[in-house]
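Engineer: sequence plus the predicted model coming up.
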Amino acid sequence: MIDEPYRWVEAIANRREYIEGEIAGGSPTIALSCQEGVLLLTFGKDRKKIFEIYDQIALGGIGHPGDIDRLRMMAIELASTEGFARSVHDVSLRRMTTYSFSPALKQAFEQIYGAPYLARLLFAEVGAEPADDLFVTLDYDGAMTANSMSSGKGRDHFGVISGTRRSAEQIGQFLRNEPLGPLNKALGSAIRAWGIGLYSLDEDHTEAPSSDGLKDFLKTQLKDYTVESALLERKPKTRIAFTELSEDKLKGPLSEYR
Amino acid sequence: MELLEPNSASAGDFVGVLRRSGVLREQKHLNGNLPVAETQATTVLAFKFSEGVLIAGDRRATAGNVVMYDRADKVLEIDRHSVMAIAGSPATAWEMARVLEHSFQFYRRSQLQEMSVEGKVRALSKLLRDNLGMVLQGIGVVVPLFATYDHGSDDPAKVFFYDAMGAQFEATDFAASGSGGPSVRSILYYENAWGKTPLRELDQKDAITIALRALDTAAEADTATGGIDRQGKIFPILKIVNKEGINTVPIETLSSLFHATFSPS
């Protein structure tokens, strides 16, 4: 059947529609530069969604847990093998996503008889300065976006994934106006950004909520969600930059909504 | 990329990943003698004191009667609470330390939980056993010490020592390894049994002083041990493992304690 080219295109289109439908409800994950490092934040209901990949690299994912886990393991294996065989300084998110992840995802997506990955990924890598932080999002079809690849123009200090493109765009619009600040400020911004993203997942919500509307929305929603957050420290005591943020650290910024 | 079987016993096994990707190869049985003297590193010690474990090593690496290097680091941090001190062949030992370090991180990252202390101790044991082929030929022998802090244990400061084949032993109070090991062991036994204060009750300052004295004494009769180089200002490396993690004792502290207790003037 798929010997005929148009059939293949149709099959791919069907597959895209199916995957988009499957991940459309995915709660957003935000990665945001701050002075202390890179903050990752999401709210979930039943499973972990933010992971440590290597010393300076973290991952957030939405989609099928089995697929996220396979991709997470692949990232850990790639980074650890490179770090062992050469040096920890040779492990690079840019190389890993461009040369390994993007082609692998594309191949899985386009091989009609095989199963695609039901996953959308957000990688973050902390740099020596906020300007060096790298955020890469990868879609199930291998499509990749980064906050800065070469030109350095219009550089964002954040990375976002969400169930729908519209939701991710709304979060982006909000975060572009949030200045780079200390961790405490970034936590507040990330919580609000998540709220905007979740709000925009609803097809009926065509505009971003007002400030008061967002507060009320978050107050209602957060009853059903558990916060998950991590920091990639810019100046860690050891080589390992990843630390999960304890409830205590999050209590202050969350108190507004609880 | 090939992925681990989800239910495989090798899940979280970094050595398995390295073997599959060809980065690490199985040891082959090779015949023949090493045409040059093998580099060796000695002496290391570890003991428990009131604030955790002190683990230390001199800085000298030798090949036969030649001093190869006088600033070797034989006390290697493996993770936030584990330190390995090596005696024997640095070529093998440093590689083992790198494998261990990556293995523990890999396990934590992939399995989303910390490897148990027992698991870590056995991981080193397994690496030593994998090295048996080399040991039988008389090269690449490593006899390490391993110090860690087990948060869940009643006696959380832990010291382990090994033989060259990978047998692991938990030390009650202290352990030493390397060519200066017997001298150090005698000193630590004496201090623990007959000294003013048992090792476990020593404060940090006294613990550091005893470690420096023990290594200096070992160097007195063993040319393979560096001890303290008064002229070159080369001091042993001392690390303290406790609840908070690992601290390297600064050279200034070693120097001031050394001069306070050893200086004839």
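Structural biologist: Sure thing, it's come through. The shown structure was predicted, so the numbers you read here are calculated from the model rather than taken from an experiment.
Engineer: going forward, measure contacts between C-alpha atoms and count neighbours the same way
Structural biologist: Noted.
Engineer: per-residue pLDDT, A:Tyr6?
Structural biologist: For A:Tyr6, the pLDDT comes out at 82.
Engineer: now do A:Ser211
Structural biologist: A:Ser211 is given a pLDDT of 90.
Engineer: same thing with the one 4 residues further on?
Structural biologist: In the prediction, the pLDDT value recorded for A:Lys215 is 94.
Engineer: mind listing what's buried in the helix or strand where it lies?
Structural biologist: A:Lys215 belongs to helix A:211-221 when elements are defined using DSSP states H and E. For helix A:211-221, burial by neighbour count (16 or more other Cα atoms under 10 Å in any protein chain shown) applies to A:214-215, A:217-219.
Engineer: now stretch B:242-253
Structural biologist: B:242, B:246, B:249.
Engineer: pull it out as PDB, backbone CA atoms only.
Structural biologist: Taking C-alpha atoms only, stretch B:242-253 is exported to PDB below (Å, rounded to 0.1, in the frame of the first residue of the first chain):
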ATOM      1  CA  ASN B 242      31.300  12.600  56.700                       C
ATOM      2  CA  LYS B 243      27.600  13.200  56.600                       C
ATOM      3  CA  GLU B 244      27.900  16.400  54.500                       C
ATOM      4  CA  GLY B 245      30.200  14.800  51.900                       C
ATOM      5  CA  ILE B 246      33.900  14.900  51.200                       C
ATOM      6  CA  ASN B 247      36.400  17.500  52.200                       C
ATOM      7  CA  THR B 248      40.000  17.700  51.100                       C
ATOM      8  CA  VAL B 249      42.200  19.000  53.900                       C
ATOM      9  CA  PRO B 250      43.900  22.100  52.600                       C
ATOM     10  CA  ILE B 251      47.700  22.100  52.200                       C
ATOM     11  CA  GLU B 252      47.900  25.100  54.600                       C
ATOM     12  CA  THR B 253      46.200  23.100  57.400                       C
END
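Engineer: correct me if wrong, but B:Gly138 is in a helix.
Structural biologist: No: under the criterion used here (DSSP: H, G, I helix; E, B strand; the rest coil), B:Gly138 is coil, not part of a helix.
Engineer: and it, how far from B:Ala37?
Structural biologist: 11 Å (Cα to Cα, to the nearest Å).
Engineer: how many neighbours does whichever residue of the stretch 101-250 of chain A sits closest to chain B have?
Structural biologist: Closest residue of the stretch 101-250 of chain A to chain B, Cα to the nearest Cα: A:Thr238 (7.8 Å). Number of residues near A:Thr238 (other Cα atoms under 10 Å in any protein chain shown) recorded here: 10.
Engineer: which residues touch it?
Structural biologist: B:Arg80 (Cα atoms under 8 Å, 6 or more residues apart in numbering or on different chains).
Engineer: read off the pLDDT value for the residue nearest to A:Asp216 when sequence neighbours are not counted.
Structural biologist: Using Cα to Cα, 6 or more residues apart in numbering or on different chains and skipping residues adjacent in sequence, the residue nearest A:Asp216 is A:Tyr257, 7.9 Å away. What the model reports as pLDDT for A:Tyr257 is 90.
Engineer: picking that back up, in strands only, show me the buried residues of stretch B:242-253.
Structural biologist: The strands in this structure, assigned by DSSP state E, contain B:242, B:246 from the buried residues of stretch B:242-253.
Engineer: I'd like the buried residues of stretch B:242-253 as a markdown table, with pLDDT and distance to A:Thr97 appended.
Structural biologist: Shown next, in a markdown table, are the buried residues of stretch B:242-253 (pLDDT from 0 to 100; distance: Cα to Cα, whole Å):
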| residue | pLDDT | distance to A:Thr97 |
| --- | --- | --- |
| B:Asn242 | 96 | 38 |
| B:Ile246 | 95 | 34 |
| B:Val249 | 96 | 40 |
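Engineer: nearest to A:Asp204 among the buried residues of stretch B:242-253?
Structural biologist: The shortest gap between A:Asp204 and any of the buried residues of stretch B:242-253 belongs to B:Ile246, at 54.4 Å (Cα to Cα).
Engineer: now for the closest one: which residues touch it?
Structural biologist: B:77, B:80-82, B:239-240.
Engineer: for it, name its beta-bridge partners.
Structural biologist: Note on B:Ile246: beta-bridge partners B:Val241, judged by DSSP bridges.
Engineer: any low-confidence regions in the stretch 51-200 of chain A?
Structural biologist: For the stretch 51-200 of chain A, the stretches with pLDDT under 70 are A:149-154.
Engineer: hmm, back to that, which one of the buried residues of stretch B:242-253 is nearest chain A?
Structural biologist: Closest approach to chain A among these (Cα to the nearest Cα): B:Ile246, at 9.8 Å.
Engineer: would you confirm that A:Gly127 contacts A:Asp133?
Structural biologist: Yes: using Cα atoms under 8 Å, A:Gly127 is in contact with A:Asp133, at 4.6 Å.
Engineer: SS state for A:Arg192?
Structural biologist: The three-state assignment at A:Arg192 reads helix, by three-state DSSP.
Engineer: noted, bye for now.
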